[in-house]
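Asks: Build me a model:
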Amino acid sequence: MEALVDLSKALPKFELTHLPSLHAKAYIADNRVAIITSANLTEAGLTGNIEYGVAFSDEHVVIEIRRDFEGYALLGAKVESTDVESLLTTISELKGLFKKAEQSVRSQARRAFDEKLRATRFQILRHRAKGKTTHAILSDTILFLLARGPLRTTELHPLIQQLNPDVCDDSIDRVIDGVHFGKRWKHYVRNAQQFLKRHGQIRFDGDRWHLVSGG
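Replies: Numbers count the residues shown, from 1 in each chain. Coordinates of the predicted model:
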């Protein structure tokens, strides 16, 4: 988190997008070079560890990789630099509370840690909800997935949940700033499918959903 704060201050055009469960590492320079690698953007990842990756200089391939990641980024939530600093402060408090919880079995310290952890998770969900409705998040995800080919609803569901594990969390039922998180996510997926169908962006052939050209 400290590194993200430093980057936001050092780079005028720095942008941060929150996307849950993203593990891929891709480094893209304009439309000239793209590197797909196991290496994190850390000192150890770039200079210390033994990593593996491939570099692409074919312009068509680089453009495709860039388009893919920029399209995926649209499914996420923009996080302002000030929000990162606020989160950093909260996480620092969490670390302090966790240390106390490790050093003592007193229930009061453990309760304080658990309460702060719940509050931090809620704060992260608020960032996810910022500026987007449940409907918009799921509609964008459906369009993103169907751009790669037709899918049945039963195939869409696990992919949508994989891309949006926070929104499609089967263990909770919560509304934050108008965004529904939790057990009814399949209901909202169905609504998004019907909305996109009515507006001519996708079609259903009786078996699979298709992206309409230009949709």
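Asks: what's around S86, how many residues?
Replies: When neighbours are counted by other CB atoms under 10 Å, S86 registers 13. For the C-beta atoms, the positions are set from N, CA and C on the backbone; glycine is no exception.
Asks: Return the per-residue confidence for it.
Replies: pLDDT, the model's per-residue confidence, is 82 for S86.
Asks: The helix or strand hosting it packs against which elements?
Replies: Here S86, judged by DSSP states H and E, is contained in helix 81-103. Packed against helix 81-103, as judged by 3 or more CB pairs under 8 Å, 6 or more residues apart in numbering; DSSP states H and E, are the following elements: helix 2-10, helix 107-129.
Asks: What ranges does the chain have for its helices?
Replies: Across the chain, reading from the start of the chain, the helices by DSSP state H fall at 2-10, 43, 59-73, 81-103, 107-129, 134-146, 153-163, 185-198.
Asks: And these: which comes nearest R174?
Replies: If you check each of the helices of the chain against R174 by CB to CB, helix 107-129 wins as the nearest, at 7.7 Å.
Asks: Pull the closest one out as PDB, backbone CA atoms only.
Replies: The C-alpha atoms that make up helix 107-129 are tabulated as PDB, following Å, rounded to 0.1, in the frame of the first residue of the first chain:
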ATOM      1  CA  SER A 107     -11.000 -11.400  24.300                       C
ATOM      2  CA  GLN A 108     -11.200  -7.600  24.300                       C
ATOM      3  CA  ALA A 109      -8.100  -7.300  22.000                       C
ATOM      4  CA  ARG A 110      -9.400 -10.100  19.700                       C
ATOM      5  CA  ARG A 111     -12.900  -8.400  19.500                       C
ATOM      6  CA  ALA A 112     -11.300  -5.100  18.600                       C
ATOM      7  CA  PHE A 113      -9.300  -6.700  15.800                       C
ATOM      8  CA  ASP A 114     -12.400  -8.500  14.400                       C
ATOM      9  CA  GLU A 115     -14.400  -5.300  14.500                       C
ATOM     10  CA  LYS A 116     -11.700  -3.400  12.700                       C
ATOM     11  CA  LEU A 117     -11.300  -6.200  10.100                       C
ATOM     12  CA  ARG A 118     -15.100  -6.100   9.400                       C
ATOM     13  CA  ALA A 119     -15.000  -2.300   9.100                       C
ATOM     14  CA  THR A 120     -12.100  -2.500   6.700                       C
ATOM     15  CA  ARG A 121     -13.800  -5.100   4.500                       C
ATOM     16  CA  PHE A 122     -16.900  -2.800   4.500                       C
ATOM     17  CA  GLN A 123     -14.700   0.100   3.500                       C
ATOM     18  CA  ILE A 124     -13.200  -1.900   0.600                       C
ATOM     19  CA  LEU A 125     -16.800  -2.800  -0.500                       C
ATOM     20  CA  ARG A 126     -17.700   0.900  -0.500                       C
ATOM     21  CA  HIS A 127     -14.900   1.500  -3.000                       C
ATOM     22  CA  ARG A 128     -16.300  -1.300  -5.200                       C
ATOM     23  CA  ALA A 129     -19.800   0.300  -5.000                       C
END
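Asks: Right, I'll call it a day here.
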